[in-house]
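**Student:** Got a predicted structure here, sequence first:
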Amino acid sequence: MSDAKVAFDVEIPSDVKYIEGVIELATRKCRELSIPPRKCSLNVRVALAEAISNAIIRGNGEAAQKHVRVRAVASDKAVVFDVTDEGEGFDLHAARPDPTAPENLMLEDGRGLFLMERLMDRVERFHSDGNVVRLTLNRE
């Protein structure tokens, strides 16, 4: 991504009350980057909210002294969001219960990664100065 530019880079405390502010920033930046409105209002809002809440709750265990970093990089082809927490990480490809199966419909957990994978063009996880979930949304 040689044409890539950082759209924003923020760090928030591990507190869910900060999620909405980051989502508003991401939505505004998407519009400025001429991402289709539906992708800004639905795909980015839902997938990024799930990634940030997972980072706060699961990655950092809501520990007040820990932080979550959200970085967005835009290119001509895509917008890439990196959500970094201070947790141990997880296996992105581990078997997870299908949240659409009748026996799982009423469960509160298990929908975050499912939604991210449906709403983004690519979801990756790696370790780089913390546990990173990378969400890629193609412009087209």
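**Tutor:** Thanks, I have the structure now.

**Student:** Identify, by residue count, the longest helix of the chain.
**Tutor:** Ranked by number of residues, the top helix in the chain under DSSP state H is helix 19-32.

**Student:** Distance from the chain centre to the next helix or strand after that one, please.
**Tutor:** Tracing the chain C-terminally past helix 19-32 and defining elements by DSSP states H and E, one meets helix 37-38 next. Offset of helix 37-38 from its chain centre (CA atoms, centre = their mean, to the nearest Å): 17 Å.

**Student:** can you check stretch 132-140 too?
**Tutor:** 9 Å.

**Student:** So which bits of that stretch are buried?
**Tutor:** For stretch 132-140, burial by neighbour count (16 or more other CB atoms under 10 Å) applies to V132, V133, R134, L135, T136, L137, R139. Heads up, the C-betas are built off the backbone N, CA and C, glycines and all.

**Student:** Please enumerate the strands of the protein.
**Tutor:** Per DSSP state E, the chain carries strands over the ranges 5-13, 67-74, 78-85, 122-127, 131-138.

**Student:** closest one to G59 among those strands?
**Tutor:** In terms of CB to CB, the element of those nearest to G59 is strand 78-85, at 3.1 Å.

**Student:** Show me what the closest one is packed against.
**Tutor:** Applying 3 or more CB pairs under 8 Å, 6 or more residues apart in numbering; DSSP states H and E, one finds that strand 78-85 makes contact with helix 45-54, strand 67-74, strand 131-138.

**Student:** In JSON lines, list the ones you listed along with mean pLDDT and distance to D121.
**Tutor:** As requested, the helices and strands packed on strand 78-85 are arranged in JSON lines below (pLDDT from 0 to 100; distance: least, CB to CB, whole Å):
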{"stretch": "helix 45-54", "mean pLDDT": "95", "distance to D121": "10"}
{"stretch": "strand 67-74", "mean pLDDT": "96", "distance to D121": "14"}
{"stretch": "strand 131-138", "mean pLDDT": "93", "distance to D121": "5"}
